[in-house]
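>>> what shape does this take:
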Amino acid sequence: MFNKIASLILLVCFVFLPAASANTALPKVVDYLILGGTIVTMDDARTIIRDGGIAVKDGKIVSVGTRTEVSRNFRPRVTVNAVGKVVIPGLINTHTHIPMTLFRGIADDMDLQEWLTRFIFPAEAKNVNEQFVRVGTRLGLAEMIRGGTTTYCDMYYFEDAIAEETKKAGVRGVLGETVIDFPAPDNKTFEAGLAYTEKFIKRWKEDPLIIPAVAPHAPYTVSPDHLIAARDLSNRLEVPLVIHLAEANTETEFIQRNHKGLRPIEFVESIGFLTNRTIAAHVIQANTSELAILKRRGVGIAHNPQSNMKLAAGVAPVPEMLKLGLSVGLGTDGAASNNDLNLWEEMDTAAKLHKVFSGDPKVVSAEEAFAMATIGGARALHIGDLTGSIETNKAADIVIVDFDGLHQTPMYNLYSHLVYATKSSDVASVMINGRWVMLNRRLLTLNENAIKKDANVFRDKIIDSLRK
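Numbering: from 1, shown residues only. Predicted coordinates for the structure are as follows:
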């Protein structure tokens, strides 16, 4: 009798235990919970969550919701208090030449061709080597982290060194080795540059932070056959194809003179260069039919308003690009032509420039400008499924912004404040791929004092080289 009763008790327990367990499930363990801030997700619905929460595990966002929801379902190893702050996706700089931070202010107030041929190309020939690239890259990385940039697209030389420094700093990079038809600091021929690029791509192809690319400099510095060779390498290895395109009147005149009257976008289309992996920087000299070509080919566009203005290169037709649904991001260009890597300034400038140029205060709204710096930038780099918004299963590229400054008080509209009032100095903490690279304004992966010391040593060398 006793054995029958015991068996019955065990059977009852076995039947009802699963239901009890489901109702009392333990919270899932995650690496971080970011709790209490206002989350600007930049998802397709442009969801904003007041008193929000984000759960992060193994470099990814595993949950986004209210603080109550996320706290109930997840148990963190570390909790970060974001009360009173705004939590945004990491900013994305879609075009720069990061080592050129060491040329900041070396030549100003001149047009593009004079700036390039009289100052930049000679200064690069005399000074750029692997150590120059490493020092300039560290300087640029520290500046971008402090400003909340978590991903950047680069095209320069010694790109292996740039990738190594970028990975050590914990920053995400779409990094293109520049190939060009005259001797460069690292490779003296186009063929050598392309061979270097292939090795570079194969080395970094599977890295979680580095997305290697091939970067033919421009249609006026790379021959048609070489442009196609670069495109073929991009296609074969399935990597981005980065290029300066339609960036000035001088480029348009050169292409028309040498290629049967075609304009730059028409020319690269005529030779079959454009693909859905292409990232085109500047795109100032573009009419409606040319924008339709870019749209049809799935080309991403890097808009660089401050650099374009400073070199008087012109104003890109960004309102029309956005109306046509092109993927447009914001870039700073190199610090030699800007002269910083500050995407907050680019947002503010982009919104205001197109208002005054078009005569319409409604074009490029604050929300559209912020989108170009985040999800638009990710899509322009063809990585919109990876980053650019705060959504489940995307990389944990997250920035926490202080919102209690005098210049931010009072606050009525989040997008307005983010674009027209917020500064780089308001960025408090930065996470990239689930790792904090700056926390409470303290850089965690770079030594700021050592970086500044090394940069000033190169300043003296550069000054001496220009006297010779």
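>>> what comes up buried for the strand or helix carrying residue 177?
Taking DSSP states H and E as the criterion, residue 177 maps to strand 172-179. Within strand 172-179, the residues that qualify as buried are 172-179, counting by 16 or more other CB atoms under 10 Å. Using the backbone N, CA and C atoms, a C-beta is placed for each residue, glycine as well.
>>> and it, what does it pack against?
Contact analysis of strand 172-179 by 3 or more CB pairs under 8 Å, 6 or more residues apart in numbering; DSSP states H and E lists strand 149-156, helix 159-169, helix 190-204, strand 210-216 as its packing neighbours.
>>> which one of those lies closest to residue 348?
Comparing the helices and strands packed on strand 172-179 against residue 348 with CB to CB, the closest turns out to be strand 149-156 (15.2 Å).
>>> ok, now which ones touch the most centrally placed residue in the chain?
Centroid-nearest residue in the chain, with CA atoms, centre = their mean: residue 92, separated by 2.7 Å. When contacts are counted by CB atoms under 8 Å, 6 or more residues apart in numbering, residue 92 is found next to 149-152, 329-330, 343, 373-374, 377-378, 381, 387-388.
>>> cutoff 7 Å now
By CB atoms under 7 Å, 6 or more residues apart in numbering, the residues touching residue 92 are 151, 329, 373-374, 377-378, 381, 388.
>>> swap in residue 279?
Residues near residue 279 by CB under 7 Å, 6+ apart: 153, 240-242, 300, 302, 380-381.
>>> so which strand or helix has it?
Taking DSSP H and E as the definition, one finds residue 279 inside strand 278-282.
>>> report the buried residues of the helix or strand following that strand.
Following the chain from strand 278-282 toward its C-terminal end, the next helix or strand by DSSP H and E is helix 288-297. With burial defined by 16+ other CB under 10 Å, the residues of helix 288-297 counted as buried are 290-291, 294, 297.
>>> what of stretch 272-289?
Of the residues in stretch 272-289, those buried under the neighbour-count criterion (16+ other CB under 10 Å) are 273-274, 277-286.
>>> shaky segments in the stretch 101-250 of the chain?
Judged by pLDDT under 70, the stretch 101-250 of the chain has no weakly predicted residues.
>>> mean confidence score for stretch 365-372?
When pLDDT is averaged over stretch 365-372, the result is 98.
>>> give me the sheet partners of the strand holding residue 177 and which way each runs.
strand 149-156 (parallel), strand 210-216 (parallel) (DSSP bridges).
>>> for those strands, give me CSV that also has mean neighbour count and distance to residue 348.
Formatted as CSV, the entries for these read as follows, by neighbours: other CB atoms under 10 Å; distance: least, CB to CB, whole Å:
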stretch, mean neighbour count, distance to residue 348
strand 149-156, 28, 15
strand 210-216, 28, 28
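>>> so which of those is nearest residue 349?
With CB to CB, the closest approach to residue 349 among the strands paired with strand 172-179 belongs to strand 149-156: 15.8 Å.
>>> residue 464: neighbouring residues, count only.
Neighbours of residue 464 under the rule other CB atoms under 10 Å: 11.
>>> meant to ask about residue 143, not that
The number of residues packed near residue 143 is 22, by other CB under 10 Å.
>>> three-state assignment of it?
Taken by DSSP: H, G, I helix; E, B strand; the rest coil, the conformation at residue 143 corresponds to helix.
>>> spatially nearest residue to the residue nearest to the centre of the chain (excluding sequence neighbours)?
Using CB to CB, 6 or more residues apart in numbering and skipping residues adjacent in sequence, the residue nearest residue 92 is residue 377, 3.2 Å away.
>>> which ones are touching the one you found?
So, once contact is read as CB under 7 Å, 6+ apart, residue 377 ends up touching 92, 94, 329-330, 388.
>>> and stretch 361-376, which residues are buried?
Applying 16+ other CB under 10 Å to stretch 361-376 flags 363-376 as buried.
>>> with distance to residue 234 and secondary structure added, can I get these in a markdown table?
Output for those, formatted as a markdown table (distance: CB to CB, whole Å; DSSP: H, G, I helix; E, B strand; the rest coil):
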| residue | distance to residue 234 | secondary structure |
| --- | --- | --- |
| 363 | 33 | coil |
| 364 | 30 | coil |
| 365 | 34 | coil |
| 366 | 35 | helix |
| 367 | 33 | helix |
| 368 | 29 | helix |
| 369 | 30 | helix |
| 370 | 30 | helix |
| 371 | 27 | helix |
| 372 | 24 | helix |
| 373 | 26 | helix |
| 374 | 25 | coil |
| 375 | 24 | helix |
| 376 | 22 | helix |
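>>> picking that back up, and the helix or strand hosting the residue nearest to the centre of the chain, how far out from the chain middle?
Taking DSSP H and E as the criterion, the element that holds residue 92 is strand 91-96. With CA atoms, centre = their mean, to the nearest Å as the basis, strand 91-96 stands 3 Å off its chain's centre.
>>> buried residues in the next helix or strand after it?
Of the helices and strands lying after strand 91-96 in sequence (DSSP H and E), the nearest is helix 112-114. Of the residues in helix 112-114, those with enough neighbours to count as buried (16+ other CB under 10 Å) are residue 112.
>>> same check, this time on stretch 454-468
For stretch 454-468, burial by neighbour count (16+ other CB under 10 Å) applies to 454-455, 458, 462.
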